[in-house]
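Asker: I would like the atomic coordinates for the input below:
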Amino acid sequence: MKKAILDGAVLAGDRTNAHVHLQRALDLPDYYGCNLDALYDCLNDEAGPLEILIRDCSDVPSGSYGARIVETICQATQEVGGHVILEYSVAPYEEMDESDE
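Answerer: Residues are numbered from 1 along each chain as shown. Here you go, the predicted structure:
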């Protein structure tokens, strides 16, 4: 099973940097078109299942291009029999001051 780790903070940033990160981390071919359709197609061309860990998904705003990248990865990975692990960072718990009650 092919495995890859992606950085949600990079996916949430500039589109060009996001696609460069995807191409490197997922070992996509040189002809990768750096768009969502090309991403889906390249992931579906994989011979076997994929396991992709996306770290810091909390950095990817809902409705953003980065969120569309994550959705595309999830759809394509499911097609080839793999899975995606979304890892969210959790803000540290702060004790509530008695005056907040």
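Asker: ok, what's across the strand from the nearest residue to Cys74 once chain neighbours are set aside?
Answerer: Nearest residue to Cys74, sequence neighbours excluded (Cβ to Cβ, 6 or more residues apart in numbering): Val84, at 5.0 Å. Just so you know, the C-beta spots here come from the backbone N, C-alpha and C atoms, and that holds for glycine as well. Following DSSP bridges, Val84 is listed with bridge partners Ile52.
Asker: surely Val84 touches Ile52?
Answerer: Yes: assessed by Cβ atoms under 8 Å, Val84 is found in contact with Ile52 at 4.8 Å.
Asker: need the residues touching each of those two.
Answerer: Residues touching both Val84 and Ile52 comprise 73, 77, with contact defined as Cβ atoms under 8 Å, 6 or more residues apart in numbering.
Asker: can you pull out the low-pLDDT segments for the protein?
Answerer: Within the chain, the segments meeting pLDDT under 70 span 90-101.
Asker: what ranges does it have for its helices?
Answerer: When assigned using DSSP state H, the helices of the chain occupy the ranges 8-11, 15-25, 36-44, 65-79.
Asker: all good on my end, thank you.
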